[in-house]
Structures are given as structure tokens and as C-alpha cells.
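**Student:** Task: produce atomic coordinates for the following.
(one chain, ligands or ions: 1)
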Amino acid sequence: MSTIALQAPAIELRDVCKRFGRTEIIRGVNLSISRGERHAIIGPNGAGKTTLFNLISGRFPISSGSITVDGKSTANLAPQEINRLGLSRSFQITSIFPRMTVFENIRCGLLWSQGYRYSFWNLLGRQKALNEAADQLLERLKLSDRRNLQAGLLSYAEQRALEIGITIAGGAEIILLDEPTAGMSHSETDSAVALIRSVSEGKTLIMVEHDMSVVFGLADRITVLVYGEVIASDAPAAIRGNAAVQEAYLGTVAA
Ligand SMILES: Nc1ncnc2c1ncn2[C@@H]1O[C@H](COP(=O)(O)OP(=O)(O)OP(=O)(O)O)[C@@H](O)[C@H]1O
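**Tutor:** Numbers count the residues shown, from 1 in each chain. Now for the predicted structure:
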């Protein structure tokens, strides 16, 4: 790896715009996220947070501007190619396989990240190293005792934990989590925060989250998006004290 690449931010967006038809949803976003940073993107409903994730992860092409992951341009790259640059994302809606066991879901995440597809399942499923890696990950997720249960039978919070596991299974250095604690009780949220803290240790974490206790408890830096524009990007204390942010967003939620 070159020195330039070593110094590059994990993610950099320059003047990124996204239009759907004539509507401009993301309007000239500049954002630089350092390696190892835990970064939260907050803002009112419809501000464009998920769209931003979709642009970073390559689900949608940008209309103009540029995005780099680890110093490399993602222009014209498919989501799986961006994934191979070391970026992995979760979705707002759970994307687990409900009829497969918890163990099989994790093993699937590991296989997928290694570039294999389901047709290789049986052949590779016997591999001892793969099974061991899956079991280790289940332990980190505190789901070992659910190993052989159909994933669809897990509690909602456990399903979200499993999803985080699938997201990190490939060892990605940059993890994008979309509303990881949505729909959870206080105690479930506390467990999810502990899990996210542990799995993102030493990695770059970017999350979209509405729960301000999660945001202010986890993030090193917070970006506030309003109507597709960044109105502030700063340390949590500065965000909390920012009058424009208070007016546009924090005044309306418990922070
Ligand atoms: N594929 C699409 N086609 C057209 N419009 C879209 C598309 N995806 C999102 N939008 C619009 O872009 C705007 C931003 O949506 P987005 O889901 O990114 O907001 P958000 O900040 O994540 O909101 P929330 O907090 O409610 O999840 C919305 O007005 C939405 O209707």
C-alpha cells in the first residue's frame, strides 16, 4: 500500500449530489471520515441519511461529485466491488435468512464476504476453519446458545445482533450500520451499544441513528444532515451546543 493510501481517510465525499428525477435529495455533501473513527449521521426524517449510505455503498450511483473509500474512487463500482475495498453495510430492514439457522446465517456471511456464492455451500460448508470462525463470531455476538435455532425465531433484538454479525463477518475495516437500534427497548439498546462498541473496536464505524443516547454514547464525531445538506460535522459536545443543529433537529428529539 502506498503512503498516500495509508494517509487517506476511510471515506471521503466531495461535493456529492444525488437527484431522483428532478428532485435533488443530496445537495453538495462534503464529508471526511478518518480511519478508526466512530461517526454518526443524524437528521430529521427524509433528510437523506439512508440515501447517503446508498451512495457510499454503491447501491445508487451519485449524480455528481466524488466518493473515495480508503483513498480509492468508487465511481462506477458495483456494491460488491466496494465491499471488496473493505466496506460492509447493514440495512434498516433485517436481511437475515429466517429459515436458516443462526450458525448458517453467519457462515453464509463469511462465505459471501470471501466471494463464494451459495452453490458452493455444501462443498465449503465442511471446512473446519470456516465453522470455527462462525462459532467465534457467534460467541462475540452472544448468540452461541441460539446457534442451531432458525434465525426467524430469534427475538427482534437478537436478529439485529445477528445482522451486525453478518455485516462484520468478512472482517471489513469500514462498517456502515443503518439504524442498528431501531425498535429496541432500553435494555436491548444498551446491549446493542455494547455489541457495536466491541465489534467496531479499531475499525471505522458510520451509523445512521435516531436514538440520541446511542449517538452521543458511541460517536467520536457527528454529522447533521438537513434537506440533503450537512449543516454541522463535529465532536458530540460541539454538536450539542450548536444553535443551528438545535433549531433544525436536536430541539425536536431528546438529546
Ligand atoms: N429511490 C428513490 N427514488 C426517489 N426518491 C427517493 C429514493 N430514495 C429516497 N428517496 C427520497 O429521498 C428523500 C430522503 O430519503 P432517505 O430515506 O434517504 O431519508 P432519511 O434521512 O434516511 O430518512 P429516515 O430518517 O426517515 O429514514 C425522501 O424524500 C425519499 O422519498
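**Student:** Now do the residue of the stretch 51-200 of the chain found nearest the ligand against Ala244, distance only.
**Tutor:** Nearest residue of the stretch 51-200 of the chain to the ligand, counting by C-beta to the nearest ligand atom: Thr51, 3.3 Å away. (Each C-beta comes from the backbone N, C-alpha and C, glycine too.) To Ala244, Thr51 is 21 Å away according to C-beta to C-beta, to the nearest Å.
**Student:** With neighbour numbers in mind, choose between those two.
**Tutor:** Each of Thr51 and Ala244 has its neighbours counted (other C-beta atoms under 10 Å); Thr51 has more, 18 against 12.
**Student:** Name all residues that make contact with the residue nearest the centre of the chain.
**Tutor:** Using C-alpha atoms, centre = their mean, the residue of the chain that lies closest to the mean C-alpha position is Leu176, 1.5 Å off. Leu176 makes contact with Phe53, Ile56, Ser57, Leu87, Ser88, Arg89, Ser90, Thr167, Ile206, Met207, according to C-beta atoms under 8 Å, 6 or more residues apart in numbering.
**Student:** Let's verify it: helix, strand, or coil?
**Tutor:** Following DSSP: H, G, I helix; E, B strand; the rest coil, the label given to Leu176 is strand.
**Student:** How about it, nearest residue that isn't a chain neighbour?
**Tutor:** Distance criterion C-beta to C-beta, 6 or more residues apart in numbering; nearest residue to Leu176, sequence neighbours excluded, is Arg89 at 3.7 Å.
**Student:** Show me the shaky parts of the protein.
**Tutor:** The chain contains residues with pLDDT under 70 at 1-6, 91-94, 113-126, 252-255.
**Student:** do that again at 90, thanks
**Tutor:** Within the chain, the segments meeting pLDDT under 90 span 1-8, 80, 83-84, 89-96, 107-133, 165-172, 183, 246-255.
**Student:** Close to the ligand: what parts of it are there?
**Tutor:** Residues of the chain lying close to the ligand by C-beta under 6 Å from any ligand atom are Phe20, Ile25, Gly43, Asn45, Gly46, Ala47, Gly48, Lys49, Thr50, Thr51.
**Student:** I'd like to know how far the second one sits from Ala75.
**Tutor:** Translated: Ile25. Ile25 sits at a distance of 19 Å from Ala75 (criterion: C-beta to C-beta).
**Student:** These two - which one has more neighbours?
**Tutor:** Applying other C-beta under 10 Å to Ile25 and Ala75 shows that Ile25 carries more neighbours, namely 19 against 12.
**Student:** Only the buried residues of the helix or strand hosting the more buried one, if you could.
**Tutor:** Using DSSP states H and E, Ile25 falls within strand 23-33. Buried positions in strand 23-33, judged by neighbour count with 16 or more other C-beta atoms under 10 Å: Glu24, Ile25, Ile26, Arg27, Val29, Leu31, Ser32, Ile33.
**Student:** what does that strand rub up against?
**Tutor:** With contacts defined as C-beta under 8 Å, 6+ apart, strand 23-33 is touched by 9-19, 39, 48, 51-52, 55, 62-63, 65, 204, 206, 221, 223, 225, 227-230, 233.
**Student:** again, only this time at 7 Å
**Tutor:** 9-19, 39, 48, 51-52, 55, 204, 206, 223, 228-230, 233 (C-beta atoms under 7 Å, 6 or more residues apart in numbering).
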